[in-house]
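A.B. asks: Requesting a structural model of the entry that follows:
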Amino acid sequence: MGNLIHLSRIFVIMLCMVSCMHIMQAQQLPYEIVTVDGRSFYKYRVQSGEGLYAVSRTFSVTVAEILRHNPGSNNGLQNGQELLIPVTDSNEVNPITTIQQRPAGSDPADQNNTFRHIVVKGETVYSISRMYHTTVDQINRLNPGTADGITVGEHLIIPQRRIISEEKEENYRYHTILPKETLYSVSRTYRLKPEDVVRANPGLSIESFQIGKTIRIPFFESYEVIEPLEKQTTNVIHTVTRGETLYRIAGKYGVEVADIERNNPMLSGGLKPNMQLIVPVLRNKVEQISPSAENEANRLLTQQPSSQRVDMMKVGLLLPFLDQTSKGHLRLQEYYEGFLLAVNEMKNRGANLELYVFEIGKGNDTGKLESLLGTMEMQSLSLVIGGVSDTQIKVLSDFSRSKNIPYVVPFSHSNSEVLNNGKMFQVNPLNSLIHAKTVAYFTGKFRNANILFVGGGSNPQTELIGSLQVALTEKNIPFRSVETAQSLSTAIAPMLLPGKENLIIPISSDAATLREITGELSLLHEANPGIETPLFGHPDWQTYADMADAYTRFGTYFYTPFFVDEQARETKMFKDEFRRWYGRDPMDTYPVYGMWGYDTALYFLTALQRYGLQFEQSVNRVKVPTVQFPFFFERLNNWGGLINGALYIVQYETDGRISKTALNK
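C.D. replies: Numbers count the residues shown, from 1 in each chain. Below is the predicted model of the structure:
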């Protein structure tokens, strides 16, 4: 793309099957189900040390729901107390699927060699392998069938990370949250403070600490095998008194005689008074669970970090401005020019701001960049923006992590650093995220349309089309396909439904195929006046200026992570200001680099000014009139950075209007 950066019976049967599955799952739960006033409840007996929060998490209900059906529980829970827990759609399925969907032959509580990952929208085996520092081959080997694709909600076995780094903060393993676990219990399992776990997972919150989610666990000295908490022991020193026997001592501590003998080799000479024996006792028997400590840990999941407002915002823009490869320096120069317009706008709004601009060299040669890191200017920065190559991004990511300052990657959409740096922001969206949101929009918007895919062309959008057709099939939304655009008017005519929206989706995004399709559609419209054949297409379509009339004639939709509405007030104001400053128009590229720099600077400088150095917690509260890019940032895991997941659905209406709708969540 040039400069583009990038079936009623069946339904009834399936419905019955789903209903039966729900009933079977409910019957398999280890809790009795009772009916009170026409509503179903689990009858649950409180375990030692459990509080309302722990019970609510086990059953995926709120504390308020438990209190509503169990008057008096607000005074605290007692060991053995019986509770009524409402059966809901979520808790009817989750406790069972958490177990059933795990591959057989492994204990979910033993996470020393492997752990579980639940697939979410937009993920691929490749992206998951990069997130967990493993390989596609290893994941495929542990999960037969994944080579053919994965689906949302699928449970995968992932090999545990066992690398020991010289840098202590780089030593960590992964833990999948199990039923009944809380932040406090997980911390106890790994003999950590809850603060240590939260610090290692900057995205952790009451919403993300959920059964099946994965968190990162730091370890500070060496990798060790961790037993589940209920199996862990602690050594108690017992001084032998006259007349005691090993059998009596073992009974006192609830252990086996063999356990004591194994830990005390001197017993080979017999048991003697005043001997000091090491007795391995279950931790849960000797360590008191503190409700106050549990509550304090839970508060860590809800508290917002201090804002750390910045009196003088010092921003570093670091790019290879002198790299003339493929005229890249001209695009970066224009990016900088747009960036300056946003800086000037911020200063006019009263922002105290200093901008430092650095030339960092090109490609994989990071010598110049690394020499800059020790300068006073770099050491004083409160925000870093830049880096183009993966090696440059790695250096700047390490710097931002060491200084605990936010780092924005403006161009790359394929580096893995963002998956492991909680202070990092990626402006360019992942294709997989864009495709997942496009599919969700499409299946909602066009579920009643007559959907027709048209093949042929030189640039097939295989990933999107494949995901879309799978989703349509799963939702029982019918669609049909025509193999080629040639003679389309003849091939497609019998498939068209008068009075209905006949949605045409070219599988390829290339211009030649699109022109061929619209030409054939024109013939169809001549023979069938009044027929509706809107088009749904791809980001490249915005670059085909000569197709605008055809887009309007048929009514056209396409998805894209960026779009410039030439009639919008923000666009006209930007272009007027750009001409006033630089005496020319921005270059004709997709996306427009001047607007890219302006949007990025305006958004992140506003975030820094309003919310300080910890603005990642509030970044989606920033609302500014961007020209080209929509912004909505999402974490793909609890420990990594944030990736822009927003996109536009652009619509050319038959009355000549053009609209763009931002899709965020």
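A.B. asks: for the one helix or strand N298 maps to, packing partners?
C.D. replies: Here N298 sits within helix 291-300, counting by DSSP states H and E. The contact analysis (3 or more CB pairs under 8 Å, 6 or more residues apart in numbering; DSSP states H and E) places helix 291-300 against helix 52-59, helix 183-189, helix 194-200. Placement of C-beta: from N, CA and C, glycine included.
A.B. asks: starting at the chain centroid, how far to that helix?
C.D. replies: Distance of helix 291-300 from its chain centroid, counting by CA atoms, centre = their mean, to the nearest Å, is 26 Å.
A.B. asks: Who does the next helix or strand after that helix pair with, and is each partner parallel or antiparallel?
C.D. replies: Using DSSP H and E, the helix or strand that follows helix 291-300 in sequence is strand 313-319. If you go by DSSP bridges, strand 313-319 pairs up with strand 353-359 (parallel), strand 383-386 (parallel).
A.B. asks: ranking the ones you listed by burial, who's on top?
C.D. replies: Per residue and on average, the most neighbours among the strands paired with strand 313-319 fall to strand 383-386, with a mean of 25 (mean count of other CB atoms under 10 Å).
A.B. asks: Which SSE is immediately downstream of it?
C.D. replies: Next along the chain after strand 383-386, taking DSSP H and E as the criterion, comes helix 390-403.
A.B. asks: Run the angle between that following helix and strand 313-319 for me.
C.D. replies: Inter-element angle recorded for helix 390-403 and strand 313-319: 160 degrees (by axes from the mean of the first three to the mean of the last three CA atoms, to 10 degrees).
A.B. asks: what's helix 390-403 packed up against?
C.D. replies: By 3+ CB pairs under 8 Å, 6+ apart, helix 390-403 packs against helix 367-372, strand 383-386, strand 407-409.
A.B. asks: From the contact counts, what lies against the shortest one?
C.D. replies: When contacts are defined as 3+ CB pairs under 8 Å, 6+ apart, strand 407-409 sits against strand 383-386, helix 390-403, strand 424-426.
A.B. asks: Show me which residues of that strand are buried.
C.D. replies: For strand 407-409, a neighbour-count test (16 or more other CB atoms under 10 Å) marks 407-409 as buried.
A.B. asks: thought N112 was touching V225?
C.D. replies: Yes - N112 lies in contact with V225 (CB atoms under 8 Å); the separation is 4.9 Å.
A.B. asks: Which one of these two is surrounded by more residues?
C.D. replies: Per other CB atoms under 10 Å, whichever of N112 and V225 has more neighbours is N112, with 14 against 7.
A.B. asks: secondary structure class for the more buried one?
C.D. replies: coil (DSSP: H, G, I helix; E, B strand; the rest coil).
A.B. asks: Can you check the pLDDT for it?
C.D. replies: Looking at N112, its pLDDT reads 89.
A.B. asks: what's the average pLDDT for whichever helix or strand I434 is part of?
C.D. replies: Using DSSP H and E, I434 sits in helix 431-445. For helix 431-445, the mean pLDDT works out to 95.
A.B. asks: List the buried residues in it.
C.D. replies: Here helix 431-445 shows 431-439, 441-443 as buried, counting by 16+ other CB under 10 Å.
A.B. asks: for those residues, which one is nearest L608?
C.D. replies: L433 (24.5 Å; CB to CB).
A.B. asks: Excluding chain neighbours, what is closest to the closest one?
C.D. replies: In this structure, L433 finds its nearest non-sequential neighbour in G122, 4.2 Å apart by CB to CB, 6 or more residues apart in numbering.
A.B. asks: That neighbour and T438 touch, don't they?
C.D. replies: No - with contact defined as CB under 8 Å, G122 does not count as touching T438 (10.5 Å).
A.B. asks: So Y648 belongs to a strand, correct?
C.D. replies: Yes - Y648: assigned to a strand according to three-state DSSP.
A.B. asks: so what's it up against?
C.D. replies: Counting by CB atoms under 8 Å, 6 or more residues apart in numbering, Y648 touches 559-563, 630, 660-663.
A.B. asks: Selecting buried members of these in ChimeraX, what would you type?
C.D. replies: ChimeraX command restricting those to the buried ones, with burial defined by 16+ other CB under 10 Å:
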select :559,560,561,562,563,630,660,663
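A.B. asks: Tell me which of the contacts of Y648 fall in strands.
C.D. replies: With strands taken from DSSP state E, the overlap with the contacts of Y648 comprises 559-560, 660-663.
A.B. asks: and which of the residues you listed is nearest to A293?
C.D. replies: Using CB to CB, those come closest to A293 at L663, 42.4 Å.
A.B. asks: Read off the pLDDT value for the closest one.
C.D. replies: Looking at L663, its pLDDT is 94.
A.B. asks: Can you name the residues bridging to it?
C.D. replies: Counting by DSSP bridges, L663 is bridged to L647.
A.B. asks: Start the count at 559 instead of 1 going forward.
C.D. replies: Happy to do that; since the first residue is 559 now, the last one works out to L1221.
A.B. asks: ok so, going back, between the helix holding N856 and helix 610-617, how big is the angle?
C.D. replies: 60 degrees.
A.B. asks: who's in contact with stretch 963-971?
C.D. replies: Around stretch 963-971, the neighbours that count as contacts under CB under 8 Å, 6+ apart are 563-564, 893, 939-946, 948, 951, 954-955, 957-958, 973, 975-976, 979, 981-989, 1154-1155, 1158, 1162, 1166, 1171, 1173-1174.
A.B. asks: so which of the buried residues of helix 989-1003 would you say is closest to V1040?
C.D. replies: Looking across these and measuring by CB to CB, the closest to V1040 is F1000, at 18.4 Å.
A.B. asks: Quick one: residues contacting the nearest residue to the closest one once chain neighbours are set aside.
C.D. replies: In this structure, F1000 finds its nearest non-sequential neighbour in L1026, 6.1 Å apart by CB to CB, 6+ apart. Applying CB under 8 Å, 6+ apart to L1026 gives the contacts 996-997, 1000-1001, 1063.
A.B. asks: give me the low-pLDDT residue ranges for the stretch 759-908 of the chain?
C.D. replies: Counting by pLDDT under 70, the ranges of the stretch 759-908 of the chain that qualify are 778-781, 863-865.
A.B. asks: For the stretch 709-858 of the chain, which segments count as strands?
C.D. replies: Remark: strands assigned in the stretch 709-858 of the chain by DSSP state E, counting those that start in this stretch are 713-717, 730-734, 772-776, 791-797, 834-840.
A.B. asks: For stretch 589-597, give the mean pLDDT please.
C.D. replies: On average, stretch 589-597 scores 76.
A.B. asks: Please state the offset of that stretch from the chain centre?
C.D. replies: 37 Å.
A.B. asks: Relative to V1012, how far out is I1050?
C.D. replies: With distances taken as CB to CB, to the nearest Å, I1050 is found 8 Å from V1012.
A.B. asks: correction: I1075
C.D. replies: 6 Å.
A.B. asks: The two: who's more crowded?
C.D. replies: Under the neighbour definition other CB under 10 Å, I1075 and V1012 were set side by side, and I1075 has more, 28 against 25.
A.B. asks: Correct me if wrong: that one contacts I1065.
C.D. replies: No - using CB under 8 Å, I1075 and I1065 do not qualify as a contacting pair, with a distance of 10.5 Å.
A.B. asks: hey, what's in contact with both of the two?
C.D. replies: Both I1075 and I1065 are contacted by V1012, under the criterion CB under 8 Å, 6+ apart.
A.B. asks: returning to what we had before: any chance of the helices and strands packed on helix 849-858 in JSON lines with mean neighbour count and distance to D1213 as columns?
C.D. replies: Output for these, formatted as JSON lines (neighbours: other CB atoms under 10 Å; distance: least, CB to CB, whole Å):
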{"stretch": "helix 610-617", "mean neighbour count": "20", "distance to D1213": "52"}
{"stretch": "helix 741-747", "mean neighbour count": "21", "distance to D1213": "55"}
{"stretch": "helix 752-758", "mean neighbour count": "18", "distance to D1213": "53"}
